[in-house]
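**Q** the sequence and its predicted three-dimensional model are supplied below.
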Amino acid sequence: MGKKIGVVLSGCGVFDGTEIHEAVLTLFALERAGAEAVCMAPDIEQHHVIDHLSGEPTEEKRNVLIESARIARGEIKDIKEVACEDIDALIMPGGFGAAKNLSDFAFSGPNAEVNPDLKKLILQMHKEKKPIGAICISPAALAKALYGKGIKVTIGNDVSTAAAVEATGSRHQDCPVNDIVADEENLVVTTPAYMLGPGIKDVARGIDKLVEKVLSMTG
């Protein structure tokens with residue numbers, strides 16, 4: 001029986017939710033490997049809605065779980081309904097939703113708060129020594145949730161973002177888009193993806209490696 005891997009989504013669209021390419025590449029890599037994706041998202045209002053054509057905020061209101069269901073084709077759970085024992089590992093694609101909806105890292109940096117249901121699940125996974133993968137900007141939310149644990153992560157090579165991540169007590173390591181940083185001790189795997197780009201084929205290589213490594217850490 002294939003491993004069950006939780007995939008945490010944060011909306012639908014790079015500027016206010018999940019980065020769609022990263023999410024789809026993650027789901028594709030998991031299915032190719034014979035794993036079952038368990039998609040989840042918090043049932044909360046998005047921080048804001050961005051018009052992805054103009055790049056400008058709108059007055060519209062959207063729900064993170066409902067928007068995430070677009071990517072998951074409706075097969076998605078409220079994150080508060082998912083327990084550590086339900087899954088073998090957890091993967092968090094990026095997009096600004098990870099720093100606006102799953103946390104407020106985009107606004108508060110190292111002083112950010114993480115969605116309480118996500119934080120609870122992350123802490124349970126870490127305690128039970130189940131691997132966690134984080135993509136693009138989502139390692140920042142992961143680092144804050146595991147504040148003081150000294151996890152090793154990457155967001156690529158952006159100096160200011162790396163400094164904010166390290167202010168959470170984590171260790172940042174520069175990394176190219178097509179590679180990963182694996183913290184074997186803490187069972188954490190990260191890759192820069194669209195923090196670096198430049199395109200989907202380069203991002204796919206890093207995500208493929210991340211999924212492969214996360215699955216290998218499940219034993």
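**A** That came through, no problem. Residues are numbered from 1 along each chain as shown.

**Q** and the average pLDDT for stretch 48-62 is what?
**A** The pLDDT scores in stretch 48-62 average 97.

**Q** measure it end to end?
**A** Length of stretch 48-62, first residue to last, C-alpha to C-alpha, to the nearest Å: 8 Å.

**Q** got the contact list for that stretch?
**A** Contact partners of stretch 48-62, identified using C-beta atoms under 8 Å, 6 or more residues apart in numbering, comprise 11, 13, 14, 15, 16, 45, 46, 100. Heads up, the C-betas are built off the backbone N, CA and C, glycines and all.

**Q** pick out the most distant pair among the residues you listed.
**A** For the contacts of stretch 48-62, the farthest-apart pair by C-beta to C-beta is 14 and 45; their separation is 18.7 Å.

**Q** by neighbours, which of the contacts of stretch 48-62 wins?
**A** Among these, the one with the most neighbours (other C-beta atoms under 10 Å) is residue 11, at 34 neighbours.

**Q** secondary structure and distance to residue 214 added to the contacts of stretch 48-62, as a markdown table?
**A** Output for the contacts of stretch 48-62, formatted as a markdown table (DSSP: H, G, I helix; E, B strand; the rest coil; distance: C-beta to C-beta, whole Å):
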| residue | secondary structure | distance to residue 214 |
| --- | --- | --- |
| 11 | coil | 22 |
| 13 | coil | 25 |
| 14 | coil | 22 |
| 15 | coil | 26 |
| 16 | coil | 26 |
| 45 | strand | 30 |
| 46 | coil | 27 |
| 100 | helix | 24 |
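
**Q** show me where this structure has its helices.
**A** Assigned by DSSP state H, the helices in the chain fall at 20-32, 64-71, 97-100, 105-108, 116-127, 138-145, 159-166, 200-217.

**Q** from these, which stretch is densest packed?
**A** helix 138-145 (a mean of 31; mean count of other C-beta atoms under 10 Å).
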